[in-house]
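sequence? don't have it. structure:
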């Protein structure tokens, strides 16, 4: 039977109609493969620049203006002297095919606290994809004002920008990897785009990256660059990272981009964020022992690993301690020497607190982001 296969194939190819049908099937298969890899899926479209005429679904005109591109607008980030936040969600829907800029009170608090304590750093909030801001020209339509946005923009060192993923990656070691589309097949798309962007931003500019669910408690301008923090005895975290714009810091950022490509796993939430900086640090320091990284500073060649108390004094499993009044004294004492507190938004985002509550998070907000706290309304 096996010996007859070549004979059957020869007869098949000799038949003109069958040969033509065979060629058509091959062409269709090739086209399908090309479309699978290169045709933008719905997730990709969310981050692509499109020309739209935004209007409010209620029938009233909503005056909006696009945020400026971070690569083009002035002022541009000062390499090594800027703080970066990223917003990677997609709020498009059938009625509104564009993303209207929105910030929660807690996001605004993170931004304000960074600006307040670091007046000599420029703070950039980067929105992935085309993003529009309500431009309340003349101030006549008070119903459309965004008090949280106005609160953070009252700081002269805060800048709101958008970015195009593909333009932002152009000319970097991760440009071609982004084009192949595997990022957009992730089971945790928005989290993994955030992971992708934090390492890309540090590669482009250096500086300090912060998650949007932190509160900055102290000035960080004079902390030497090239550092991150331990989250546990087994992993470093990627929610607070600083790298120099040149030299060793730039080399670390490049190593992170290459590790992300090599080890990307769209089905593993933490592999592409904390996993990246953990693996890169293990290579730099020549050890997998997080405690050794913290204790032996020379071993890591100038890359500093802060202990948990610096940024993650309250572990994620105890996130409720930030919100429970009976844990106020304990939590404040635990974080008295911290630079930053991380409130674990993945777990805490649905738990609202009434403004004025005697909880650690309310105290942090009152002291470190007073304008956003005041603008948040009854609940924070």
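Yes, it's here. Computed from a predicted model, the values in this text were never measured in an experiment.

quick one, strands of the stretch 1-150 of the chain?
64-66, 82-87, 99-100, 122-128, 131-134 (DSSP state E, counting those that start in this stretch).

so which of the ones you listed comes closest to residue 212?
strand 82-87 (5.5 Å; CB to CB). All C-beta atoms are positioned from the backbone trio N, CA, C, and that covers glycine.

what angle do that closest one and strand 122-128 make?
Using axes from the mean of the first three to the mean of the last three CA atoms, to 10 degrees, one finds that strand 82-87 and strand 122-128 are set 30 degrees apart in direction.

strand 82-87 pairs with which strands, parallel or anti?
Here strand 82-87 has these sheet partners by DSSP bridges: strand 122-128 (parallel), strand 207-210 (parallel).

confidence-wise, which of the strands of the stretch 1-150 of the chain is weakest overall?
Lowest mean pLDDT within the strands of the stretch 1-150 of the chain: strand 99-100, at a mean of 79.

gap between that one and the chain center?
17 Å (CA atoms, centre = their mean, to the nearest Å).

now do stretch 332-341
With CA atoms, centre = their mean, you get 24 Å for stretch 332-341.

what do you get for stretch 342-360?
For stretch 342-360, the distance to the chain centre is 21 Å (CA atoms, centre = their mean).

just the buried positions in that stretch, please.
For stretch 342-360, a neighbour-count test (16 or more other CB atoms under 10 Å) marks 342, 343, 344, 345, 348, 353, 355, 357, 359, 360 as buried.

in JSON lines, list those along with distance to residue 77, pLDDT and secondary structure.
JSON lines is the format used below for these (distance: CB to CB, whole Å; pLDDT from 0 to 100; DSSP: H, G, I helix; E, B strand; the rest coil):
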{"residue": "342", "distance to residue 77": "23", "pLDDT": "98", "secondary structure": "strand"}
{"residue": "343", "distance to residue 77": "26", "pLDDT": "97", "secondary structure": "coil"}
{"residue": "344", "distance to residue 77": "28", "pLDDT": "96", "secondary structure": "coil"}
{"residue": "345", "distance to residue 77": "24", "pLDDT": "92", "secondary structure": "helix"}
{"residue": "348", "distance to residue 77": "30", "pLDDT": "93", "secondary structure": "helix"}
{"residue": "353", "distance to residue 77": "33", "pLDDT": "91", "secondary structure": "coil"}
{"residue": "355", "distance to residue 77": "33", "pLDDT": "92", "secondary structure": "coil"}
{"residue": "357", "distance to residue 77": "36", "pLDDT": "92", "secondary structure": "coil"}
{"residue": "359", "distance to residue 77": "35", "pLDDT": "97", "secondary structure": "coil"}
{"residue": "360", "distance to residue 77": "32", "pLDDT": "97", "secondary structure": "helix"}
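
if we can go back for a sec, who wins for proximity to residue 160 among the strands of the stretch 1-150 of the chain?
strand 122-128 (5.2 Å).

and for that closest one, what are the contacting residues?
47, 67, 70, 75, 77-78, 81-88, 99, 101, 111, 114-115, 152, 155, 157-163, 165, 193, 197, 201 (CB atoms under 8 Å, 6 or more residues apart in numbering).

can you turn the buried part of the residues you listed into a PyMOL selection?
Burial among the contacts of strand 122-128 is assessed by 16+ other CB under 10 Å; the matching PyMOL selection reads:
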select buried, resi 47+67+70+77+81+82+83+84+85+86+87+88+99+101+111+114+115+152+155+157+158+159+160+161+162+163+165+193+197+201
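
okay, the strands paired with strand 82-87 in JSON lines with mean neighbour count and distance to residue 258 next?
Listed next are the strands paired with strand 82-87 as JSON lines, based on neighbours: other CB atoms under 10 Å; distance: least, CB to CB, whole Å:
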{"stretch": "strand 122-128", "mean neighbour count": "24", "distance to residue 258": "22"}
{"stretch": "strand 207-210", "mean neighbour count": "25", "distance to residue 258": "18"}
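
for residue 282, find the nearest of the ones you listed.
strand 207-210 (19.9 Å).

same question for that closest one, mean pLDDT?
On average, strand 207-210 scores 98.

sketch out the low-pLDDT regions of this protein for me.
1-23, 27-43, 49-62, 91-98, 136-144 (pLDDT under 70).

from residue 309, how far off is residue 337?
Note on residue 337: its distance to residue 309, by CB to CB, to the nearest Å, is 6 Å.

settle it for me: which of those two has more neighbours?
With neighbours defined as other CB atoms under 10 Å, residue 337 and residue 309 compare such that residue 309 has more, 16 against 11.

that one reaches residue 336, doesn't it?
No - using CB atoms under 8 Å, residue 309 makes no contact with residue 336, being 9.3 Å away.
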